[in-house]
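Asks: Return atomic coordinates for the entry below.
(chains A, B, C and D)
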Amino acid sequence: MKIEIRPDPYDPWEELAAYQSASEALRPGSYGACASFVGSMRDVNEGDAVRSMFLEHYAGMTESQLEELACEAIAEHGLLDVLILHRVGEIHPDDPIVLVAAWSAHRKAAFDACRAMMEMLKSRATFWKKEELADGSRWVAQNTPG
Amino acid sequence: MKIEIRPDPYDPWEELAAYQSASEALRPGSYGACASFVGSMRDVNEGDAVRSMFLEHYAGMTESQLEELACEAIAEHGLLDVLILHRVGEIHPDDPIVLVAAWSAHRKAAFDACRAMMEMLKSRATFWKKEELADGSRWVAQNTPG
Amino acid sequence: MQIQVRFFASLREQVGSDGRALEMAAPLTVSEVWNAVTDMAPPANLLCARNREYVGWDETVADGDEVAFFPPVTGG
Amino acid sequence: MQIQVRFFASLREQVGSDGRALEMAAPLTVSEVWNAVTDMAPPANLLCARNREYVGWDETVADGDEVAFFPPVTGG
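Replies: Below you'll find the model as predicted:
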């Protein structure tokens, strides 16, 4: 299991490939399913062009929450492994923000767990987005329903 | 949209990265969500060690089915783009078999569509697996439920 | 009139052939095609496609069609 | 006894501070802590954590605790 808050841009597919081949929990041939989700920054929100975004978090609390939800998912769905990365700081359109991946023997557990982790992350984890528009900035009031 | 049957091994994460950056349907900043699934070969099935597998398909029919289910998913979930790759021929443990990815503005559509496409593929698409065991070979009788 | 009959996967091995051409004097149903090309009772869960689309056993087959028989699919 | 109070995101900007230490003569509830550190009515949907775990407004705060107030989360 790997959980990281990232202050710098990352490539989600490179991270997935590197983690999968390095993880001791993922012996080759043991997993038959990997479900993953990448959330990236759109250049428009609520009809307004967004130039950039600042992603704030509660250092210490956020990491614990992500670890807790990953452990919950592993226990509930019988996963072999989990990877969660989340950007913070200044973010630009097209930048990957969140990566959640779940590995399991069969597909049902991976699909269920990947989505459940994303919904827990969106509803609980202490991140906040502030958008920079052409005419000023605004805090995002709430997430799009899942 | 890209649908391909692959006779040779492929790296799903490289394929995802390359397709996402090349697709004209995926203007940077337009998509906020990519849900993907990779199914790979396990070295055990129904309690028996599996050395390798041969994946047969119905050339012509299978490709049409994958295109049809991708088009259905795009229309039903309002996706921006879809990528489906599927291996055929001789396959070894840990080899990626299937990659299904769905891009959309928000996460719900991508999650729903990725899973729906996998279930349609597993239940409809004309592929058949023959496993090579230590003491002979056998056809897989049916898929694990999703 | 002539159609092409194909067998896939475990069924191909059971039948011992990947298919053959079949001459028909008149249109046949899929079920009649099966009986014309094999001596086997159709296995449980046998699937059928006409011209690369799934069809049921009562479907009619016409000149030039391709009819395929195969077991449950196991891809993905 | 002393606790640390913190504000995040839009709330930090509304309060005009990222937090401060608060001296307490006796244990307070989260709600009493809020009233002790701001003049504002609590915004709708305001969330609270004590020692980095979500808690309700009636929860008691003890010496050395960290109490954080923040708006609905918008990560992912």
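Asks: So for the strand or helix carrying C:Asn35, what gets flagged as buried?
Replies: Using DSSP states H and E, C:Asn35 falls within helix C:30-37. Within helix C:30-37, the residues scored as buried using 16 or more other CB atoms under 10 Å in any protein chain shown are C:30, C:32-34, C:37. All C-beta spots, glycine's among them, are computed from the backbone N, C-alpha and C.
Asks: And for the residue in chain C that chain D sits nearest to, the neighbour number?
Replies: Across chain C, no residue is closer to chain D than C:Gly76, which sits at 27.8 Å (CB to the nearest CB). C:Gly76 sits with 25 neighbouring residues when counted by other CB atoms under 10 Å in any protein chain shown.
Asks: how about the residues of chain C that lie near chain B?
Replies: Contact residues (CB under 8 Å from any CB of the partner chain) of chain C with chain B: C:6, C:8-10, C:13, C:49, C:52-54, C:68, C:70-76.
Asks: Taking the residues you listed, please make a PyMOL selection of just the buried ones.
Replies: To isolate the buried subset of the residues of chain C next to chain B in PyMOL, counting by 16+ other CB under 10 Å, use the following:
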select buried, chain C and resi 6+8+9+10+49+52+68+70+71+72+73+74+75+76
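Asks: Just the ones in helices from the residues of chain C next to chain B, please.
Replies: Using DSSP state H, C:9-10, C:13 are the members of these that sit in helices.
Asks: Which member of those residues is positioned nearest chain A?
Replies: Using CB to the nearest CB, C:Ala9 is the member of those that sits closest to chain A, with 20.3 Å.
Asks: count of neighbours near the nearest residue to that closest one once chain neighbours are set aside?
Replies: Excluding its sequence neighbours, the residue lying closest to C:Ala9 (CB to CB, 6 or more residues apart in numbering or on different chains) is B:Trp128, at 3.6 Å. B:Trp128 is flanked by 23 other residues according to other CB under 10 Å.
Asks: Give me the pLDDT for B:Trp128.
Replies: For B:Trp128, the model assigns a pLDDT of 98.
Asks: beta partners for it?
Replies: Going by DSSP bridges, B:Trp128 is paired in beta bridges with B:Glu56.
Asks: Surely it is in contact with B:Thr62?
Replies: No: between B:Trp128 and B:Thr62 there is no contact under CB atoms under 8 Å: 10.3 Å.
Asks: list residues touching both of those two?
Replies: Residues touching both B:Trp128 and B:Thr62 (CB atoms under 8 Å, 6 or more residues apart in numbering or on different chains) are C:Gly75.
Asks: and the gap between A:Glu90 and chain C?
Replies: A:Glu90 sits 40 Å away from chain C when distances are taken as CB to the nearest CB, to the nearest Å.
Asks: Now do C:Asn45, the pLDDT please.
Replies: 93.
Asks: Give me the secondary structure label for A:Arg115.
Replies: Secondary structure, DSSP: H, G, I helix; E, B strand; the rest coil: A:Arg115 is helix.
Asks: do the same with A:Val100
Replies: Classified using three-state DSSP, A:Val100 is strand.
Asks: so who does it touch?
Replies: A:36-37, A:82-84, A:114, A:117-118, A:121.
Asks: ok, 6 Å please
Replies: The neighbours of A:Val100, taking CB atoms under 6 Å, 6 or more residues apart in numbering or on different chains as the test, are A:37, A:84, A:114, A:117-118.
Asks: Could I get these in TSV, plus columns for distance to D:Ala62 and pLDDT?
Replies: Formatted as TSV, the contacts of A:Val100 follow (distance: CB to CB, whole Å; pLDDT from 0 to 100):
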residue	distance to D:Ala62	pLDDT
A:Phe37	39	98
A:Ile84	32	98
A:Cys114	38	98
A:Met117	32	98
A:Met118	35	98
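Asks: Could you identify which of those residues has the most neighbours?
Replies: Most surrounded of the contacts of A:Val100: other CB under 10 Å gives A:Cys114, at 30 neighbours.
Asks: Spell out which residues sit in contact with that one, please.
Replies: Here A:Cys114 is in contact with A:35, A:37, A:100, A:102 (CB under 6 Å, 6+ apart).
Asks: Show me the helices in chain A, by range?
Replies: Under the criterion DSSP H, chain A contains helices at A:12-22, A:61-77, A:107-124.
Asks: Can you convert the ones you listed into JSON lines and add a column each for distance to B:Phe54?
Replies: Below are the helices of chain A laid out as JSON lines (distance: least, CB to CB, whole Å):
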{"stretch": "helix A:12-22", "distance to B:Phe54": "25"}
{"stretch": "helix A:61-77", "distance to B:Phe54": "31"}
{"stretch": "helix A:107-124", "distance to B:Phe54": "21"}
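Asks: and B:His77, which of these is closest to it?
Replies: Nearest to B:His77 among the helices of chain A is helix A:107-124 (14.2 Å), distances taken as CB to CB.
Asks: For that closest one, buried residues please.
Replies: So helix A:107-124, judged by 16+ other CB under 10 Å, has buried residues A:107-122, A:124.
Asks: got a list of what residue 69 touches?
Replies: Because you didn't say which chain, this covers chain A. Shown in contact with A:Leu69 (CB under 6 Å, 6+ apart): A:117, A:120.
Asks: That was the other one, I meant chain C.
Replies: With CB under 6 Å, 6+ apart, C:Phe69 has these contacts: C:7, C:11, C:48.
Asks: Quick check, the residue in chain C closest to chain A?
Replies: C:Gly76 (7.7 Å).
Asks: Which residue, neighbours along the chain excluded, lies closest to that residue?
Replies: B:Lys122 (4.2 Å).
Asks: Now whichever residue of chain A sits closest to chain D. Nearest residue, chain neighbours left out?
Replies: Among the residues of chain A, A:Phe127 lies closest to chain D, at 2.5 Å counting by CB to the nearest CB. Counting by CB to CB, 6+ apart, A:Phe127 lies nearest to D:Gly75, which is 2.5 Å off, once chain neighbours are set aside.
Asks: Distance-wise, check that neighbour relative to A:Glu119.
Replies: 12 Å (CB to CB, to the nearest Å).
Asks: Same check on A:Ser36?
Replies: Distance from A:Ser36 to A:Glu119, by CB to CB: 15 Å.
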